[in-house]
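J.: one predicted model, sequence on top.
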Amino acid sequence: MYNDQQPSPGYHPPFVPEPKNKKRRQQLVALIVGVLLVAGAAAIVIYQSATPALTNSNIEATPVPSSSAMQSPLVQGYVLDTSKQYGDTYENGVLPVGDSKYTTSGAKKGYVYACSQYVGSMVSGQAAAGASVRGPWFVHDDTKYDTGKKISVSGNVSWKGDFSNTVSGSVRRISTNDLPLNHTTGTFPITTTDPAYSYDRNPNSISAQSFTYSLNSNPQYGDPQCVGGQVGVMLTGVALFNAFDAGGRDAGAWEVQDHCSGHPEKQGSYHYHTLSECIKDVSVHTIIGYALDGFPITGPTVSTGNVLTTNDLDECHGITSMVMIGGKEKTTYHYVMTKDFPYSVSCFRATPIQPPGQAQGGAAQRMPPPHVDHL
């Protein structure tokens, strides 16, 4: 009979008892499984009684980098935290005075890292420093000044600004006649009938210049480098000078500028030292100028009531965040113009160019001498 044949109807195979050792093995396996189940249940009960429940109060959050940091693996230095409430420290307009807050030995937060050649010229020019009298806006034993009490140069003079900003390869070329594109100025020289004359007798006139800045369009972040008198150019077409007057005093506190925070130096170049009230979009994401090393300059406002100060920035007065460059979002290092001293670029993160109109020379001559506002 073949194995695939069916048994005939009514056929029953003979009963064969299972071996005794097989029954014993099955009983032993069942006993072991039962012991393991009981032990596992006991372990769970013990763990739950010894471990507190996980709640929001005892889960430690893992720090997450800001969105701008995640966009670029090459981010260096301070990174803007868009979720942080920085506050608006100087909302009341009372600012610290930064007289003589410069260093020549290296960058330091809240100080201008000044080139030694520039400092020598600045010290020799102290007699020609701007304001001759401390204004009544100085408060708190002259350690602070109240911008709400400070006067400005009278006048409302219109100019025909000429400005272009183009990029070709690795060069950003900015050409300007240094006259403001979109705002008026005060009347200079300051007239004897102007209340500002009692404190600041600026004798200089505003005149058109012919400046071309050939900036690096892709600057590389590096160690701090010292600054001289001029630190950048604004998109209003106006030059940006550092925080000091010719005598190493806080220009924002001492000098009387016009309603747009500008005034001329002896060659007639109109310039700012501080953030101009006539620049309306001062978002931290909006470029309002370029430093001489090619990095952008932005305003300080993160959101309403959320404004950056010097304390929030690195030693060169900069931070890394997303900005709009040529209509595109880009995460980059940039300088920030703040309400408080030193106001803008206090050292360079990349190699700067020679400002237009300055004599060419070696490394020692790279920075311009200080401007002398009043002679």
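T.: Structure received.
J.: how about low-confidence regions in the stretch 201-350 of the chain?
T.: Within the stretch 201-350 of the chain, not a single segment meets pLDDT under 70.
J.: Gln267: what's it in contact with?
T.: 207, 209, 357 (Cβ atoms under 8 Å, 6 or more residues apart in numbering). Where C-beta positions appear, they are placed from N, C-alpha and C, glycine not excepted.
J.: and those residues as CSV, adding distance to Thr338?
T.: CSV is the format used below for the contacts of Gln267 (distance: Cβ to Cβ, whole Å):
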residue, distance to Thr338
Ser207, 30
Gln209, 27
Gly357, 27
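J.: can you select the buried ones from those in ChimeraX?
T.: Buried residues within these, by 16 or more other Cβ atoms under 10 Å, are selected in ChimeraX with:
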select :209
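J.: out of the contacts of Gln267, which sit inside strands?
T.: Among the contacts of Gln267, no member falls in strands (DSSP state E).
J.: what ranges does the stretch 201-350 of the chain have for its strands?
T.: For the stretch 201-350 of the chain, the strands defined by DSSP state E, counting those that start in this stretch cover 211-216, 230-234, 239-241, 262-264, 270-272, 287-291, 296-298, 301-303, 306-307, 318-325, 328-336.
J.: so what secondary structure elements neighbour the second one?
T.: In terms of contacts (3 or more Cβ pairs under 8 Å, 6 or more residues apart in numbering; DSSP states H and E), strand 230-234 is packed against strand 239-241, strand 287-291.
J.: ok, back up a step: possible to save the strands of the stretch 201-350 of the chain as JSON lines with distance to Tyr199?
T.: Formatted as JSON lines, these follow (distance: least, Cβ to Cβ, whole Å):
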{"stretch": "strand 211-216", "distance to Tyr199": "30"}
{"stretch": "strand 230-234", "distance to Tyr199": "25"}
{"stretch": "strand 239-241", "distance to Tyr199": "19"}
{"stretch": "strand 262-264", "distance to Tyr199": "13"}
{"stretch": "strand 270-272", "distance to Tyr199": "19"}
{"stretch": "strand 287-291", "distance to Tyr199": "28"}
{"stretch": "strand 296-298", "distance to Tyr199": "29"}
{"stretch": "strand 301-303", "distance to Tyr199": "30"}
{"stretch": "strand 306-307", "distance to Tyr199": "28"}
{"stretch": "strand 318-325", "distance to Tyr199": "33"}
{"stretch": "strand 328-336", "distance to Tyr199": "29"}
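J.: ok, which of the ones you listed comes nearest Gly222?
T.: Gly222 lies closest, by Cβ to Cβ, to one member of these: strand 328-336, at 10.1 Å.
J.: the closest one pairs with which strands, parallel or anti?
T.: If you go by DSSP bridges, strand 328-336 pairs up with strand 296-298 (parallel), strand 318-325 (antiparallel).
J.: give the buried residues for it.
T.: Neighbour-count burial for strand 328-336 flags 331-336 (criterion: 16+ other Cβ under 10 Å).
J.: let me see the ranges of the helices in this protein.
T.: Using DSSP state H, the helices of the chain run over 20-50, 67-71, 116-124, 251-254.
J.: pick out the shakiest of these, pLDDT-wise.
T.: Note on these: lowest mean pLDDT is at helix 67-71, with a mean of 37.
J.: distance of Gln220 relative to Ser170?
T.: From Gln220 across to Ser170, the span is 11 Å (Cβ to Cβ, to the nearest Å).
J.: repeat that for Leu215.
T.: Taking Cβ to Cβ, one finds Leu215 at 10 Å from Ser170.
J.: swap in Asn182?
T.: Counting by Cβ to Cβ, the gap from Asn182 to Ser170 is 29 Å.
J.: now swap in Tyr118 and tell me
T.: 27 Å.
J.: higher neighbour count, the two?
T.: Tyr118 (22 against 11; other Cβ atoms under 10 Å).
J.: for Ala243, give me its contacts.
T.: 98, 112, 250-252, 273-274, 341-344, 346.
J.: top of those residues by neighbour count?
T.: Busiest of those [other Cβ under 10 Å] is Ser346, holding 32 neighbours.
J.: does that one touch Thr103 like I think?
T.: No - look at Ser346 against Thr103 with Cβ atoms under 8 Å: they stay out of range, at 9.6 Å.
J.: anything in contact with each of those two?
T.: With Cβ under 8 Å, 6+ apart, Ser346 and Thr103 have common neighbours 111-113.
J.: I'd like the distance between the spatially closest residue to Gly268 that is not a sequence neighbour and Cys226.
T.: Distance criterion Cβ to Cβ, 6 or more residues apart in numbering; nearest residue to Gly268, sequence neighbours excluded, is Ser207 at 3.2 Å. Counting by Cβ to Cβ, the separation of Ser207 from Cys226 is 29 Å.
J.: many thanks, we can stop here.
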